[in-house]
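Chemist: Here is the input, now give the coordinates:
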Amino acid sequence: MGTKRVTAADIARSLGISRATVGYVLNNTPGQTISQPTRERVLGEAARQGYRPNIAAQALARGRSRFILLAVPDWPLTSFSMTSGLNAASQVIDQAGYCPIVYTFHPDERTRRAWEALDPAAIVCLGLFQPAELAAMQEWGIGPIVPSPQHQRLTADVPSVGDTTRVQVQHLYDLGHRRLAVATPTNPRVAALGTNRARAACHGAAELGLEPPDIRAVNHLDDSAAAAVRQWRDAGITGVVCFNDDIAATVIGAALDVKLAVPESLSVVGHDNSPMAALFRPAITSVDLDIAGLAAYLAHLALHAADGRPLPGPPPEIVATLHPRATTLPPRETTGPR
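Modeler: Next comes the predicted model:
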């Protein structure tokens with residue numbers, strides 16, 4: 001035999017208070033001045049009676065679901081910066097009573113139907129939407145979308161892809177390295193991002209008066225890294241800017257295989273400052289941004305857009321930070337920057 005679902009009306013009747021008050025408490029409705037003792041009575045009675053919210057009914061009443069999409073590019077989710085951002089945003093959204101859903105955005109229509117079906121309360125974009133994608137969402141009434149043009153102040157203060165890469169180049173330059181290389185991934189899913197970072201490295205080198213870096217794609221599954229290291233050694237290259245810490249570890253391993261000392265003969269700088277960077281031996285010099293802080297802030301903006309919660313304070317200061325470790329030293333033939 002089935003059991004009758006406990007409703008907010010049952011709880012209100014048991015406590016002798018209004019149905020509206022119970023609803024405000026159970027839905028954690030913002031902007032209501034309900035005393036803490038009353039709130040505790042309602043929650044205690046709800047727990048005693050085994051109350052479970054009717055999600056479908058709530059969504060129908062609100063005209064919007066309790067889902068918030070965390071939209072990410074089609075990148076491997078092994079990226080430390082991406083996973084830290086997703087974790088931070090998910091925690092904020094979950095604590096606010098919404099269900100965070102990680103959604104990988106593909107350009108084809110089949111994937112696009114996912115956000116049409118879910119009808120999310122808001123979308124947090126942890127990547128970049130193309131204009132056509134934004135237009136499609138607006139056509140279907142999807143939104144609000146964060147960040148949006150209304151958040152230009154925030155997005156204007158966020159460093160670009162080039163800022164972290166320029167920090168990598170500048171660090172090697174300050175140590176005295178004048179011939180640089182860039183190690184990019186072979187994974188086609190991050191090819192565009194790898195190209196953007198390589199282009200930023202070239203711009204950074206040009207600003208410092210250096211020759212264009214030698215750009216090579218490497219993969220830990222084949223001998224591409226060893227071949228690249230040999231070519232860099234023969235060309236007199238002494239510093240390598242890497243796409244991420246995984247690529248940095250691949251380059252270091254290949255250098256050791258061909259008997260090229262790191263950092264004495266080849267300095268290597270990673271990206272993301274993942275835990276592996278500190279645990280690897282030699283520990284990897286790396287750069288990062290506070291992606292977790294930014295993602296949490298975007299989640300708060302989405303909650304404000306979804307149900308009018310108070311706006312968060314100023315956005316976190318997002319700056320590219322260098323974490324110098326054991327894989328970078330001045331080149332052997334110099335005693336300092338030239």
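Chemist: For Tyr103, grab the count of nearby residues.
Modeler: 20 (other CB atoms under 10 Å). In this view, the C-beta of every residue, glycine as well, is placed from N, C-alpha and C.
Chemist: Just say helix, strand or coil for the residue nearest to it when sequence neighbours are not counted.
Modeler: Nearest residue to Tyr103, sequence neighbours excluded (CB to CB, 6 or more residues apart in numbering): Leu69, at 4.6 Å. Assigned with DSSP: H, G, I helix; E, B strand; the rest coil, Leu69 falls in the strand class.
Chemist: residues in contact with Leu69?
Modeler: Shown in contact with Leu69 (CB atoms under 8 Å, 6 or more residues apart in numbering): Ile101, Val102, Tyr103, Trp115, Leu118, Pro120, Ala122, Ile123, Val124.
Chemist: The fifth one and Ser65 touch, don't they?
Modeler: Yes. Taking contact to mean CB atoms under 8 Å, the distance of 6.3 Å between Leu118 and Ser65 places them in contact.
Chemist: from the chain's centre, how far out does stretch 301-320 sit?
Modeler: Remark: stretch 301-320 is offset 16 Å from the chain centroid, using CA atoms, centre = their mean, to the nearest Å.
Chemist: okay, that stretch in CSV with CA atoms only?
Modeler: What follows is stretch 301-320, C-alpha atoms only, in CSV (Å, rounded to 0.1, in the frame of the first residue of the first chain):
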residue,chain,number,x,y,z
LEU,A,301,25.4,36.0,-9.3
ALA,A,302,23.3,33.2,-10.8
LEU,A,303,21.4,32.8,-7.5
HIS,A,304,20.7,36.5,-7.5
ALA,A,305,19.4,36.4,-11.1
ALA,A,306,17.3,33.2,-10.3
ASP,A,307,15.4,34.3,-7.3
GLY,A,308,16.5,37.8,-6.2
ARG,A,309,18.9,36.9,-3.5
PRO,A,310,21.2,39.7,-2.4
LEU,A,311,24.1,40.4,-4.8
PRO,A,312,27.5,39.2,-3.5
GLY,A,313,30.2,41.6,-2.6
PRO,A,314,32.9,42.8,-5.0
PRO,A,315,34.3,40.1,-7.2
PRO,A,316,37.5,38.4,-6.0
GLU,A,317,40.8,39.8,-7.2
ILE,A,318,41.7,37.4,-10.1
VAL,A,319,45.4,37.7,-10.8
ALA,A,320,47.9,35.4,-12.5
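Chemist: Next, give phi and psi for Pro100.
Modeler: Here is the backbone geometry of Pro100 (degrees, to the nearest 10): phi -80, psi 140.
Chemist: how many other residues sit next to it?
Modeler: Pro100, neighbours per other CB under 10 Å, totals 21.
Chemist: same thing with Ser35?
Modeler: Close neighbours of Ser35, defined as other CB under 10 Å, add up to 8.
Chemist: Residues in a beta bridge with the residue nearest to Tyr103, which ones?
Modeler: Ile101, Ile123 (DSSP bridges).
Chemist: Could you pull out the helices in the chain for me?
Modeler: 8-15, 19-26, 36-49, 55-62, 80-95, 109-118, 131-139, 152-157, 161-175, 191-207, 224-235, 245-257, 275-279, 291-307 (DSSP state H).
Chemist: could I get those helices as JSON lines with distance to Pro263, mean neighbour count and mean pLDDT?
Modeler: Output for those, formatted as JSON lines (distance: least, CB to CB, whole Å; neighbours: other CB atoms under 10 Å; pLDDT from 0 to 100):
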{"stretch": "helix 8-15", "distance to Pro263": "64", "mean neighbour count": "17", "mean pLDDT": "91"}
{"stretch": "helix 19-26", "distance to Pro263": "59", "mean neighbour count": "19", "mean pLDDT": "88"}
{"stretch": "helix 36-49", "distance to Pro263": "58", "mean neighbour count": "14", "mean pLDDT": "92"}
{"stretch": "helix 55-62", "distance to Pro263": "55", "mean neighbour count": "12", "mean pLDDT": "51"}
{"stretch": "helix 80-95", "distance to Pro263": "22", "mean neighbour count": "19", "mean pLDDT": "91"}
{"stretch": "helix 109-118", "distance to Pro263": "44", "mean neighbour count": "13", "mean pLDDT": "62"}
{"stretch": "helix 131-139", "distance to Pro263": "43", "mean neighbour count": "13", "mean pLDDT": "68"}
{"stretch": "helix 152-157", "distance to Pro263": "34", "mean neighbour count": "12", "mean pLDDT": "48"}
{"stretch": "helix 161-175", "distance to Pro263": "9", "mean neighbour count": "21", "mean pLDDT": "92"}
{"stretch": "helix 191-207", "distance to Pro263": "18", "mean neighbour count": "18", "mean pLDDT": "93"}
{"stretch": "helix 224-235", "distance to Pro263": "13", "mean neighbour count": "18", "mean pLDDT": "97"}
{"stretch": "helix 245-257", "distance to Pro263": "9", "mean neighbour count": "23", "mean pLDDT": "97"}
{"stretch": "helix 275-279", "distance to Pro263": "14", "mean neighbour count": "15", "mean pLDDT": "95"}
{"stretch": "helix 291-307", "distance to Pro263": "27", "mean neighbour count": "23", "mean pLDDT": "90"}
